[in-house]
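Student: turn this into a model:
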Amino acid sequence: MSRPDKILAMAILPLRDGDPPAPTPFLPTEKSSPAEILRCAETLGIPWRRVLLEEIEAEQKLRGYLRDIDGTRSLESALTILSLRALRSWRVRDEVETLACQAQTSVSGAQKGLRVFFRHIVGKVGPDPNGLARQCRFAHDRILLLQRVRRTAARSQGTMAERLAFVCSNARCSFDDADWALHEEDSSRCGHRMDAAVRKVREEGFPVPRAPTEARSLAALRRIVLESSRPAPRRR
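Tutor: Below is the predicted model of the structure:
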C-alpha cells in the first residue's frame, strides 16, 4: 500500500483501546502528483472520472462561445451557454463563490449577481427582452474566435496531435474548433478565413444578417452589437 493510501486508511479506521493516536490524514495539495490526488479521491469515494468529464464538457462549450475565456467573464453569459449544467464549470463556481463573499461584506451588485444565478438555476428567468441582442453578441464573438483559431492553425507544425495541442493551447479554443481550423487550413480549397468563420457560425444557427458578401454580413452584425451595447436613455 502506498504512503497516501496507508495514512488515509489508518486515519479512517476506528481506534481500539491501546492504539496510538491516528496520524494526520494525507491531504494532497496542488504540488502533489496527479497520481497522489487521484488515489486520494478514489479512497474517499469521489467520482473523479465523472467530475472531470463534466468539467471538460463545460469548458469545451464555454471555449466555443466566449472569445476571451480567461478575461473578464460574464456570469450571465456562462449561464446562458451552460444552462442547468452551469455548476459543472469551475469558472462558474469560482464566480459564484466570489459573489457570495462579496455579498457577505455588502459589496454593491453582489446580491443582484447571486439573484441572477439562482433565477437561472431554478428556471425562473422569464421572457428575455435582450435575448436576440445577446445571441448576436455570441455570434460576433464566435466569428472573431474562429478567425483567431484559423490564424493559430496556420502557424502550427508537427503531427496532427501536436498541431491540435498547439492550437487549443494558444487560441484557447475547444478541440472541435481546433480540428475544424486545421482541416480548413489544410484544404486545397482554403478560402478567406473571415468568410469561412461567418459561414460556420451561420450554419450553427446563430443570427447573422445576410448580405452580398460575408464581410458586409459581419459589418451588419457588428452594428447590431454596438447598438445593443449602448445604454438606454434615461427617462425624465
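Student: so which elements touch the top helix by length along the chain?
Tutor: In terms of residue count, the longest helix belonging to the chain (DSSP state H) is helix 131-155. Judged by 3 or more Cβ pairs under 8 Å, 6 or more residues apart in numbering; DSSP states H and E, helix 131-155 is in contact with helix 48-65, helix 75-82, helix 160-171, helix 175-186, helix 193-203, helix 214-229. Where C-beta positions appear, they are placed from N, C-alpha and C, glycine not excepted.
Student: for the longest one, which residues meet the burial criterion?
Tutor: Same thing as helix 48-65. Buried residues in helix 48-65, counted by 16 or more other Cβ atoms under 10 Å: 58-59, 61-65.
Student: can I get those in CSV including distance to Glu97 and pLDDT?
Tutor: What follows is these, written out as CSV (distance: Cβ to Cβ, whole Å; pLDDT from 0 to 100):
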residue, distance to Glu97, pLDDT
Ala58, 16, 90
Glu59, 18, 90
Lys61, 21, 85
Leu62, 17, 87
Arg63, 21, 85
Gly64, 24, 81
Tyr65, 22, 80
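Student: let me know the closest of these to Glu184.
Tutor: Gly64 (15.8 Å; Cβ to Cβ).
Student: quick one: contacts of stretch 86-93?
Tutor: Stretch 86-93 is touched from outside by 54-55, 57-59, 62, 73, 75, 78-79, 82, 117, 120-121, with contacts defined as Cβ atoms under 8 Å, 6 or more residues apart in numbering.
Student: out of those, which is nearest to Gly109?
Tutor: Using Cβ to Cβ, those come closest to Gly109 at Leu75, 11.3 Å.
Student: list the contacts of that closest one.
Tutor: Contacts for Leu75 (Cβ under 8 Å, 6+ apart) come out as 92, 95-96, 99, 113, 116-117.
Student: of these, just say which sits nearest to Ala181.
Tutor: Within these, proximity to Ala181 (Cβ to Cβ) peaks at Val92, which comes in at 26.6 Å.
Student: gap between that closest one and Leu62?
Tutor: To Leu62, Val92 is 9 Å away according to Cβ to Cβ, to the nearest Å.
Student: how about the secondary structure of Glu36?
Tutor: helix (DSSP: H, G, I helix; E, B strand; the rest coil).
Student: correct me if wrong: it contacts Leu27.
Tutor: No: taking contacts as Cβ atoms under 8 Å, Glu36 lies outside contact range of Leu27: 10.4 Å.
Student: quick one, which of these two is more surrounded?
Tutor: Glu36 (17 against 10; other Cβ atoms under 10 Å).
Student: how close does the more buried one get to Leu52?
Tutor: 16 Å.
Student: swap in Thr98?
Tutor: 23 Å.
Student: and what of Phe118?
Tutor: 26 Å.
Student: please apply the same query to Leu144.
Tutor: 29 Å.
Student: one more: Leu221?
Tutor: 36 Å.
Student: again, but for Ser89
Tutor: As judged by Cβ to Cβ, Ser89 and Leu52 stand 12 Å apart.
Student: of the buried residues of helix 48-65, closest to Cys173?
Tutor: Within the buried residues of helix 48-65, the smallest distance to Cys173 is 5.3 Å, found for Arg63 (Cβ to Cβ).
Student: is Thr29 in a helix, a strand, or coil?
Tutor: Using three-state DSSP, the structure places Thr29 in coil.
Student: next: Pro212.
Tutor: Pro212 ends up coil, using three-state DSSP.
Student: what's the local residue count around it?
Tutor: Neighbours of Pro212 (other Cβ under 10 Å): 7.
Student: got it, and Ile224?
Tutor: Here the count is done by other Cβ under 10 Å, and Ile224 has 18 residues near it.
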